[in-house]
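Peer 1: predicted model and sequence follow; I will ask about them next.
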Amino acid sequence: ASGKTVFLDFAASWCGTCAAQARVLGRLKSENPAYEENIVFVRVDWDQYRSADITRRLSIPRRSTLVVLKGDQELGRLVAGTRRAQIKELMDVALGAATA
């Protein structure tokens with residue numbers, strides 16, 4: 001609601017795809033500090049929040065879903081993608097929105 005750019009990572013500790021995404025996210029953040037300086041990153045525990053209001057409202061289909069929001073507007077999402085280029089593209093969308 002504050003208009004900040006938020007990067008939601010719906011993940012489960014036991015999910016291999018989620019772990020692969022986390023590794024890529026970590027590398028990208030370490031390579032470009034502007035990501036963490038400008039974007040609010042939130043890891044959402046799938047096991048705990050799979051039935052939560054936000055999960056239903058955003059129609060999150062499964063764990064390993066990454067979503068970028070600017071306020072209430074969804075700017076992009078990636079479902080089960082683990083390729084660096086895909087995740088970097090989504091992070092760049094978030095960074096662009098956060099610094100615009």
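Peer 2: Received, thanks.
Peer 1: quick check: beta-bridge partners of residue 40?
Peer 2: Residue 40 forms beta bridges with residue 6, as assigned by DSSP bridges.
Peer 1: wait, it sits on residue 5?
Peer 2: Yes. With contacts counted by CB atoms under 8 Å, residue 40 reaches residue 5, the gap being 6.8 Å. For the C-beta atoms, the positions are set from N, CA and C on the backbone; glycine is no exception.
Peer 1: look at the two and report which has more neighbours.
Peer 2: Set residue 40 next to residue 5 and count neighbours by other CB atoms under 10 Å: residue 5 wins out with 21 against 14.
Peer 1: surely residue 34 is in contact with residue 95?
Peer 2: Yes. With contacts defined as CB under 8 Å, residue 34 counts as touching residue 95 at a distance of 6.1 Å.
Peer 1: higher neighbour count, these two?
Peer 2: Between residue 34 and residue 95, counted using other CB under 10 Å, the more crowded position is residue 95 (20 against 13).
Peer 1: could you grab the helix/strand/coil label for the more buried one?
Peer 2: Judged by DSSP: H, G, I helix; E, B strand; the rest coil, the three-state class of residue 95 is helix.
Peer 1: contacting residues for it?
Peer 2: By CB atoms under 8 Å, 6 or more residues apart in numbering, the contact set of residue 95 is 5, 32, 34-35, 38-39.
Peer 1: what about 10 Å?
Peer 2: Residue 95 sits next to 5, 7, 32, 34-35, 37-39, 68, 88 when contact means CB atoms under 10 Å, 6 or more residues apart in numbering.
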